[in-house]
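Q: Turn this into a model:
(chains A and B)
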Amino acid sequence: MTTIAQPSADAAQPVLPGEVEEAMERRWRDAPGIPGFFASVDHKKIGVRYMVTAFVFFFLAGVQALFLRAQLAQPDAHVVGPQAYNELFTMHGVTMIFLFNTPVLAGFGNYLLPLMLGTRDMAFPRLNAFSYWIFLFSGLFMYSSYLFGSPPDGGWFAYVPLTEKAYSPGLNLDFWALGVAFIGISTTVGAINFIVTAFKMRAPGMTLNRMPMFVWSILAMAFMVIFSVPIVTLASMLLEFDRLFGTKFFLAAAGGSALLYQHLFWFWGHPEVYILFVPATGMISMIIPTFSRRPLAGYVWVATSLVAISFISFGVWVHHMFATGMPALAMSFFSAASLLIAIPSGVQFFAWISTMWHGRVRWTTPMLFALGFLLIFLLGGITGVMVAVLPFDWQVTDSYFIVAHFHYVLNGAVVFPIFGALYYWVPKITGRLLSERLGKWSFWMMFVGFNVTFFPMHVLGLLGMPRRVWTYSAGLGWDGLNLLISIGSGVFALGTLLTVANLVWARRRGAPAGADPWDADSLEWSVSSPPPHWNFTTIPSVAGRHPLWEGAALDEHREALAGEDDAVESMGGAGALTRTTPITGGLDTRPERLLVVPRETYLPFVAALGVAAVFVGMLVDAALVGGVGVLLGAIGIVWWGWRTEEDLV
Amino acid sequence: MNLLDPGGANAARIASVWWIIFGLGAAVYVVVAGFVLVAAFRGRRRRGDTEAVGRDSAFIWIGGVLVPAAILMLVAVVTVSTTRALRQPAKDPLTISVVGKRWWWAVSYPGERITTANEIHVPVGRPLRIELTTSDVIHSFWVPQLSQKVDTIPGQVNHLDMKVTKPGIYRGQCAEYCGLEHARMAFIVVAEDTTTFERWVAREQRPPGGPSAEQEARGQQVLVSSSCAGCHTVRGTPADGTLGPDLSDLGSRRMLGAGTVDNTPDNLRRWITDSQSIKPGNLMPPVPLSRDDADAVVAYLESLK
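A: As a prediction, this is how the structure comes out:
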């Protein structure tokens, strides 16, 4: 880096503004056309790709859900048969958990983190591209099962021994087991990237206790991912070994254990619930203060709650297994831990209430989604406490009561914040505001449709209807409610489509958003909408939690940063001109070193293709394909390590 | 199947737990949702400046920590005491062994040497100990009106101690997803007074009588010489297969196909010749019989009581 002549920070002051901007544009924009598409490492492009891809999967899962509801609308119906039904509910769950919720939150994280932190890209831009391609390929991998007529049909948690070769001889479960391990790579490297970015890429002066709450939530999520995803990878790979190589990890007759699988699966499976939920609360903690024109109440409380939740989430997994006949004393601990998690959730909840109570609330569409979230999550949280009560869980686990509960927390309390976040942040991404009128219609249809769909499921559970049944006999008292639920699901689906229509409409016709349409407080609103490729011409220097509400505070700190070293200089326009951004550290978050932001490159794409080929090889049991994959992946990764993509800077 | 309309001691206990947590939950919902709405409307109407940050800690301390902690403490006490009561081992119980199979239930009374399927007769008032196992995948034994559910797990024997308090017929159903026909894996529990139950036991212990009419005799002949005998048992005949349900008392059972349809001659004929149209995917292959043979088998099976 030092060998390259760079203009000093002063020289970057636009003497000829057009010329400097043009130079930055040249430095930061990707190659045009298809080559640029596959090579980009820009966190904003990757973030948007994540979101768009995830939403495609969201609508596939929605179509699957509508088929399920069509089948269940009436007793003894035959819209689809049992095999198709089992595939539908399995793929609905797999899609929502692995291919929508997790990646769409990663998409928001990718897009927003560098902007919120005041830096020019993620810590590892190429790894970021790699993790997106892995996500895309693993999604295509799992969905290609439809081409072979054998989508996974073992439920999204694929309990053994049902999913062992003896009872599921087709490729269905191989798609599942390999697919889960495959996408785990994406989630894990993504989490590493988030952690390093949050710790090392914050703008000077943005100490940890000034970090926006959304970043805190992504950080907590990333730590949960790092410690839990390897376990589900292990579970699914042991299952695949059983299936592929005839090992007997989970076969009781041969000395294996079926319950071992459940322990491994839920050791990830429960933190996973919070992996989805915690970033959603982070979004709410950004939206509510903005539209209450007041800082978030109890910042330290809320941040501590996020950390507490991520710890406790590792101590509750057995509550998914209460009916397996374990000793009561052992289960009581997990019951207590499950009750305990209500406290940090309660803290967050009252922090949001207090923010509104003492603020001045504007009922915009994002705020409506946040309010809808509060009313839905409240109910899901209360039923969550109910099912932590061991004896009650023994009755309602695996019934529609549980289906109701987890849709309140995973659909209501995650999808509603995500839709709110769309209305809140898409203007930043596209530069155009969405229609408030269409947005409010969309919200009310989703809110009403959601409750009509999922509230009656509680009652169905109390009436003894088990989950995952493809049909039921008439006369059990389930008919009317099921019809109502199916109607509600249609209303909910139409509500989501209104938002899609809104997005399409606003792309061309929406009012220009300007840099800060909401009078918000965090740094992403300090740059133009859409932001320039380099995010910040001058890296801001932060002196408080709410840089945009503190006016002059944004840059006063800057003069205090001594030195002429590279890291400080990269904060100015010179850094944007040379694709560098400061790495910061220390308690007061001072610039330490210089990060050279790599240029676009095909290597992540090539490496991801190699990984995909490895999984395809294992699927079709073809050593040749697997070998090609290993080779391709190795070439990609070695070349990647060899060439730093910095040489053109 | 309303679990709040209990016919058994366990279900009654859990129903009372439900009313406690439902009361608490409803109260919490109304109060907290009230706060949300008041905050949202109050803030919307006010003009002027927002209020200082210092006011937040009361909300967080009281609403977020103290009140929830108190409620959770109460809930924990209810949880622990009920859990202990439900796991008390039954004294001098009647032991019933239930094996989950794809997709039906094998039922036997080891002490009484009775074998049947999909229909469990129990005496009212006597402690019961259900021994739960599986011969294939995980299932879950659940009669909502009588008791909590317990899974059947390969390689382990689970116990469910319970007692029926009200006579009646209770529907149960597999609650753990177990493959293709998980939806059609139901059963019934017939709870009777002790005398009726003992009469039932005595009848079950006798091998079924021989065919009493010509058609029934022909039916028996067809059954033992066709593929039926490979999978099904009729005690006292050469039919001794064990893959499918024991048929020795089929005529007395109320339902066919693990609670799928009523046990009528018409349904039975349909089941034998084309069970896939009633319960698609079940493991019984269609039995190609002439119309007369099918009628004969139906007559014979319905005579087995």
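Q: Dump stretch A:632-644 to CSV, restricted to CA.
A: Output of stretch A:632-644 as CSV, limited to C-alpha atoms (Å, rounded to 0.1, in the frame of the first residue of the first chain):
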residue,chain,number,x,y,z
LEU,A,632,-12.2,-26.5,-8.0
GLY,A,633,-12.7,-25.5,-4.4
ALA,A,634,-9.0,-25.9,-3.7
ILE,A,635,-8.1,-23.9,-6.7
GLY,A,636,-10.5,-21.2,-5.7
ILE,A,637,-9.3,-21.0,-2.2
VAL,A,638,-5.6,-21.3,-2.8
TRP,A,639,-5.7,-18.7,-5.5
TRP,A,640,-7.8,-16.5,-3.3
GLY,A,641,-5.2,-16.7,-0.5
TRP,A,642,-2.4,-16.1,-3.1
ARG,A,643,-3.8,-13.2,-4.8
THR,A,644,-5.1,-10.5,-2.6
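Q: average model confidence for it?
A: Mean pLDDT, computed over stretch A:632-644, is 80.
Q: which of the residues in stretch A:617-630 are buried?
A: Judged by neighbour count (16 or more other CB atoms under 10 Å in any protein chain shown), stretch A:617-630 contains these buried residues: A:617-619, A:625-626, A:628-629. From N, CA and C alone the C-beta is placed, and that goes for glycine too.
Q: try stretch A:142-161
A: Residues A:142-143, A:145, A:150-161 are the ones in stretch A:142-161 that count as buried (16+ other CB under 10 Å).
Q: Quick test: name the residue nearest the centre of chain A.
A: The centroid of chain A falls nearest to residue A:105 when counting by CA atoms, centre = their mean (2.4 Å).
Q: Can you give me the neighbour number for residue 117?
A: Using chain A. Counted with other CB atoms under 10 Å in any protein chain shown, the neighbours of residue A:117 add up to 26.
Q: That was the other one, I meant chain B.
A: So residue B:117, with other CB under 10 Å, has 24 neighbours.
Q: Kindly identify which of the buried residues of stretch A:142-161 also come near chain B.
A: A:154-155, A:159, A:161 (CB under 8 Å from any CB of the partner chain).
Q: which residues in the chain form strands?
A: Since you didn't name a chain, this refers to chain A. Along chain A, counting by DSSP state E, strands occupy A:580-585, A:590-596.
Q: wrong chain, I was asking about chain B
A: B:94-101, B:104-109, B:114-117, B:119-123, B:127-134, B:139-141, B:150-152, B:158-163, B:168-173, B:186-192, B:255-256, B:261-262.
Q: Just the pLDDT at residue B:50, thanks.
A: The model's pLDDT for residue B:50 equals 63.
Q: May I ask which helix or strand of chain A has the lowest mean pLDDT?
A: Ranked by mean pLDDT, DSSP states H and E, the helix or strand of chain A with the weakest confidence is helix A:553-556, at a mean of 54.
Q: Next, format the strands of chain B as JSON lines and append mean pLDDT and distance to residue A:637.
A: Formatted as JSON lines, these follow (pLDDT from 0 to 100; distance: least, CB to CB, whole Å):
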{"stretch": "strand B:94-101", "mean pLDDT": "97", "distance to residue A:637": "48"}
{"stretch": "strand B:104-109", "mean pLDDT": "97", "distance to residue A:637": "53"}
{"stretch": "strand B:114-117", "mean pLDDT": "95", "distance to residue A:637": "58"}
{"stretch": "strand B:119-123", "mean pLDDT": "97", "distance to residue A:637": "60"}
{"stretch": "strand B:127-134", "mean pLDDT": "97", "distance to residue A:637": "45"}
{"stretch": "strand B:139-141", "mean pLDDT": "98", "distance to residue A:637": "45"}
{"stretch": "strand B:150-152", "mean pLDDT": "97", "distance to residue A:637": "44"}
{"stretch": "strand B:158-163", "mean pLDDT": "96", "distance to residue A:637": "48"}
{"stretch": "strand B:168-173", "mean pLDDT": "97", "distance to residue A:637": "51"}
{"stretch": "strand B:186-192", "mean pLDDT": "97", "distance to residue A:637": "54"}
{"stretch": "strand B:255-256", "mean pLDDT": "96", "distance to residue A:637": "60"}
{"stretch": "strand B:261-262", "mean pLDDT": "96", "distance to residue A:637": "60"}
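Q: among the ones you listed, which is nearest chain A?
A: Chain A sits nearest to strand B:158-163 of all the strands of chain B, at 3.7 Å, using CB to the nearest CB.
Q: Quick one: work out the angle between that closest one and strand B:186-192.
A: Angle, strand B:158-163 to strand B:186-192, by axes from the mean of the first three to the mean of the last three CA atoms, to 10 degrees: 40 degrees.
Q: other SSEs contacting strand B:158-163?
A: helix B:9-45, strand B:127-134, strand B:150-152 (3 or more CB pairs under 8 Å, 6 or more residues apart in numbering or on different chains; DSSP states H and E).
Q: For that strand, give me every contacting residue.
A: By CB atoms under 8 Å, 6 or more residues apart in numbering or on different chains, the surrounding residues in contact with strand B:158-163 are A:324-325, B:8-10, B:87-90, B:93, B:125-133, B:141, B:146-148, B:150-152.
Q: So among these, which ones count as buried?
A: Using 16+ other CB under 10 Å, the buried members of the contacts of strand B:158-163 are A:324-325, B:8-10, B:90, B:93, B:127-133, B:141, B:146-148, B:150-152.
Q: give the contact list for the closest residue to chain B within the stretch 451-600 of chain A.
A: Among the residues of the stretch 451-600 of chain A, residue A:464 lies closest to chain B, at 3.0 Å counting by CB to the nearest CB. The neighbours of residue A:464, taking CB under 8 Å, 6+ apart as the test, are A:399, A:476, B:1-3, B:142, B:144-145, B:171, B:173.
Q: Flag the shaky bits of chain A, pLDDT-wise.
A: A:1-17, A:551-564, A:643-649 (pLDDT under 70).
Q: Using PDB, write out every CA atom in stretch B:199-215.
A: The C-alpha coordinates for stretch B:199-215 follow below in PDB (Å, rounded to 0.1, in the frame of the first residue of the first chain):
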ATOM      1  CA  ARG B 199     -66.100 -59.900  31.000                       C
ATOM      2  CA  TRP B 200     -64.100 -58.500  28.000                       C
ATOM      3  CA  VAL B 201     -60.900 -60.000  29.400                       C
ATOM      4  CA  ALA B 202     -62.500 -63.400  29.700                       C
ATOM      5  CA  ARG B 203     -63.800 -63.300  26.200                       C
ATOM      6  CA  GLU B 204     -60.500 -62.100  24.700                       C
ATOM      7  CA  GLN B 205     -58.700 -65.000  26.500                       C
ATOM      8  CA  ARG B 206     -60.700 -67.600  24.800                       C
ATOM      9  CA  PRO B 207     -59.600 -68.400  21.300                       C
ATOM     10  CA  PRO B 208     -62.300 -67.400  18.800                       C
ATOM     11  CA  GLY B 209     -64.900 -70.000  18.100                       C
ATOM     12  CA  GLY B 210     -64.800 -71.900  14.800                       C
ATOM     13  CA  PRO B 211     -66.900 -70.800  11.900                       C
ATOM     14  CA  SER B 212     -70.600 -71.300  12.600                       C
ATOM     15  CA  ALA B 213     -71.900 -71.100   9.100                       C
ATOM     16  CA  GLU B 214     -70.900 -72.400   5.700                       C
ATOM     17  CA  GLN B 215     -69.900 -69.000   4.400                       C
END
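Q: quick one: buried residues of that stretch?
A: B:200-201, B:204, B:208, B:211, B:215.
Q: Select from those every entry located in helices.
A: Members of the buried residues of stretch B:199-215 lying in helices (criterion: DSSP state H): B:200-201, B:204, B:215.
Q: What is the nearest of those to chain A?
A: Chain A has its nearest neighbour among these in residue B:200, at 25.2 Å by CB to the nearest CB.
Q: Tell me the spacing between that closest one and residue B:116.
A: 10 Å (CB to CB, to the nearest Å).
Q: what's the answer for residue A:415, then?
A: 48 Å.
Q: quick one, what contacts the closest residue to residue A:86 other than its chain neighbours?
A: The shortest distance from residue A:86 to any residue other than its chain neighbours is 4.4 Å, reached at residue A:153 (CB to CB, 6 or more residues apart in numbering or on different chains). For residue A:153, the contact set (CB under 8 Å, 6+ apart) comprises A:83, A:86-87, A:90, A:168, A:172-173.
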